[in-house]
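Asks: can you look at this prediction? I've put the sequence above it.
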Amino acid sequence: MDYFEYKNALLHCEGVSAGDIADQVGTPVYVYSAATLLGHYTAFAEAFAALEPVICFSVKSLANVHILKLLGRAGCSFDIVSGGELARVRTAGVDCSRIAFAGVAKTDREIREAIDAGIMLFNVECEAEFENLSRLAGEAGAQVRAALRVNPDVYDPQTHRYTATGKKETKFGVDLDRAEAFFEAYSRDQHVRLDAVHIHLGSPIYSPDPYVRAIRKILELIEHLRTSGYEITTFDIGGGFAADYEQAQAPTAGDYAAQIVPLLEGKDLKIILEPGRQIAANAAILLTRVVYTKQGGEKNFVIVDAAMTDLIRPSVYGAEHFIYPVSLRDGAPAPQRRIDLAVDGGVKVDVVGGVCEPADFLGRDRLLPPLGRGDLLAIFSAGAYGFVMSSQYNARPRAPEVLIEGDTLKVIRRRETYEDLFAPELDV
Ligand code: LLP
């Protein structure tokens, strides 16, 4: 479900046409739909409602302060992985007791900042980190809470190897067979109350099955720990819930919940969920304009003003984002968002950016209607791991972000200027 629709042959985000957005703020630009974000959050919350979970939106997927504010007002909590993300959530005015902090490399500074902020939970990834957290909490005279991130050694064969984290040989968490020794060593710590378990399987996980397998394993662990006298109050099952990059490709929140909720009901556990992508991915398009078209050998290239610097997922993970013109030709039907479907009169093209690297592509071998200079294209499902992974490579100022609410357009991050590129080099 999202609010990017063709009306009168023009793509609209809620009540505003893509053409008007491009006219007002230029291209490339990230365009977010508030109704879509909130709709996805509500659907997720409703699907898992029986567990009364804490839903921590994964800030790494989409971190704009205005978006965090919007989700915070809707009741969302937050999953962070850095001091920078903590600062963003604080700037959004969110109560810090709604923050869970994961990450394998938390520095002393970041830990101190999170202790000062009074966050809900530290998701601890190894023994050395626990000892450091205890030392810093002691120094601050604070009492904090921690979950042990356990590596359940299950994975989804469809998940890209760069984003599969739940396997044994990763840098994340501690192996399941070390978990009991961890509780044995640290559960009586003076400054850190260790009473929770955290997992995150990877991202995206295209089926509920890996969750079911991992949750079963962890419930066994929790039961065992409880029998051994350790108090376990909380189970954070992480994120990774897939989003529809193409139509009807991913399980819905309801599909995941149908398998997961029955396993966790009545277990006397506070459940935390950390969705990012399922809430954010389809809540934005990246709007871009064709600069040139050209041929190279047998290939047709559509060269656009967005690039891998704006959306790096195709280059890094081979991710396929649906791409389509924002204006439909006379009488042409609105596209179903399926890359493999034929387009009447379609031409096979590579949609590429202007960065000086062959790896700079946004879509390859795509059938698109004939395109020319100045045409506008929408790159769909760009809301998660889109803007947050953008860079200034090739000295390209980062794109602006706009939020659409009904008929209202609000710029929530301005386009960077050339001065923004080098200001930190001049005030040294
Ligand atoms: N919790 C933890 C501990 C995580 O590491 C992640 C994502 C999430 C939650 C949220 O996962 P989500 O629900 O958004 O799938 N840049 C890659 C994705 C990297 C995800 C890293 N961790 C991409 O563009 O696909």
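Replies: Here it is on my side, so go on. Numbering: from 1, shown residues only.
Asks: and the residue of the stretch 301-428 of the chain found nearest the ligand, its phi and psi?
Replies: Here the residue of the stretch 301-428 of the chain nearest the ligand is Tyr385; by CB to the nearest ligand atom that distance is 3.1 Å. To be clear about C-beta, it is placed using only N, CA and C from the backbone, and glycine gets the same treatment. In terms of degrees, to the nearest 10, the main-chain angles of Tyr385 are phi 60, psi 30.
Asks: count the neighbours of it for me.
Replies: Neighbours of Tyr385 under the rule other CB atoms under 10 Å: 24.
Asks: same thing with Ala319?
Replies: 18.
Asks: assess the claim that it and Ile312 are in contact.
Replies: No. Under the criterion of CB atoms under 8 Å, Ala319 is not in contact with Ile312, lying 9.1 Å apart.
Asks: which stretches of the stretch 101-250 of the chain form helices?
Replies: Taking DSSP state H, counting those that start in this stretch to define them, one finds helices in the stretch 101-250 of the chain at 108-117, 127-140, 179-186, 209-227.
Asks: which residues belonging to the first one are considered buried?
Replies: Going by neighbour count (16 or more other CB atoms under 10 Å), the buried part of helix 108-117 is Glu110, Ile111, Arg112, Glu113, Ala114, Ile115, Ala117.
Asks: elements contacting whichever strand in the chain runs longest?
Replies: Here the longest strand in the chain is taken by residue count, with DSSP state E as the criterion, and it is strand 284-296. Packing contacts for strand 284-296, counted by 3 or more CB pairs under 8 Å, 6 or more residues apart in numbering; DSSP states H and E, involve helix 18-25, strand 29-33, strand 299-304, strand 376-379.
Asks: what helices and strands are in contact with the third one?
Replies: Using 3+ CB pairs under 8 Å, 6+ apart as the contact definition, the elements that strand 299-304 packs against are strand 284-296, strand 347-352.
Asks: report the separation between Glu220 and Leu176.
Replies: Distance of Glu220 to Leu176, computed by CB to CB, to the nearest Å: 9 Å.
Asks: partner strands of the lowest-mean-pLDDT helix or strand in the chain, with direction?
Replies: When each helix and strand of the chain is scored by mean pLDDT, DSSP states H and E, strand 174-175 comes last, with a mean of 92. Partners of strand 174-175 in the sheet, by DSSP bridges, are strand 144-151 (parallel).
Asks: show residues contacting the strand it pairs with.
Replies: Strand 144-151 has contacts (CB atoms under 8 Å, 6 or more residues apart in numbering) with 100, 102, 115, 119-125, 130, 133, 137, 166-168, 170, 172-176, 179, 182-183, 191-200, 218, 221, 234, 236.
Asks: before we move on, what's the pLDDT of the residue in the stretch 1-150 of the chain positioned nearest to the ligand?
Replies: Closest approach between the stretch 1-150 of the chain and the ligand, counting by CB to the nearest ligand atom: Ser58, at 3.6 Å. Per-residue pLDDT puts Ser58 at 98.
Asks: what residues are up against it?
Replies: Phe78, Asp79, Gly239, Glu274, Pro275, Gly276, Arg277.
Asks: and the residue nearest to it when sequence neighbours are not counted, how many neighbours?
Replies: Once flanking residues are discounted, Ser58 sits nearest to Gly276: 3.0 Å by CB to CB, 6 or more residues apart in numbering. Using other CB under 10 Å, the number of residues around Gly276 comes to 26.
Asks: Gly276 reaches Cys56, doesn't it?
Replies: No. Using CB under 8 Å, Gly276 is not in contact with Cys56; the gap is 9.4 Å.
Asks: need the overlap of contacts for these two.
Replies: Asp79.
Asks: what residues does the stretch 201-350 of the chain put near the ligand?
Replies: Taking CB under 6 Å from any ligand atom, the part of the stretch 201-350 of the chain that reaches the ligand is made up of Ser203, Pro204, Gly238, Gly239, Gly240, Phe241, Glu274, Pro275, Gly276, Arg277, Arg313, Tyr317.
Asks: contacts only, for the spatially closest residue to the third one that is not a sequence neighbour.
Replies: In this case it means Gly238. Leaving aside its sequence neighbours, Gly238 sits nearest to His200 (CB to CB, 6+ apart; 3.1 Å). Applying CB under 8 Å, 6+ apart to His200 gives the contacts Ala102, Arg149, Thr165, Gly166, Phe172, Gly173, Gly238, Gly239, Gly240, Glu274.
Asks: least confident of the residues you listed?
Replies: For the contacts of His200, the pLDDT minimum is Gly166, 65.
Asks: report the central residue of the protein.
Replies: Nearest to the mean C-alpha position of the chain, by CA atoms, centre = their mean, lies Ser61 at 2.5 Å.
Asks: could you measure from that one over to Ile323?
Replies: Distance from Ser61 to Ile323, by CB to CB: 21 Å.
Asks: so where does His40 fall, helix or strand?
Replies: helix 34-47 (DSSP states H and E).
Asks: identify the bridge partners of Lys294.
Replies: With DSSP bridges as the rule, Lys294 is bridged to Phe301.
Asks: any stretches of the stretch 251-400 of the chain with poor pLDDT?
Replies: Nowhere does the stretch 251-400 of the chain drop to pLDDT under 70.
Asks: helices of that one, start to end?
Replies: Going by DSSP H, counting those that start in this stretch, the stretch 251-400 of the chain shows helices at 253-264, 277-280, 313-317.
Asks: need the contact list for the residue nearest to Ser58.
Replies: Gly276 touches Phe57, Ser58, Val59, Lys60, Ser61, Leu62, Asp79, Ser203, Gly239, Ala384, Tyr385, counting by CB under 8 Å, 6+ apart.
Asks: so which of those sit within strands?
Replies: Phe57, Ser58, Asp79.
Asks: show me the beta-bridge partners of the second one.
Replies: If I follow you right, that is Ser58. Applying DSSP bridges, one finds that Ser58 bridges with Asp79.
Asks: all set, thanks.
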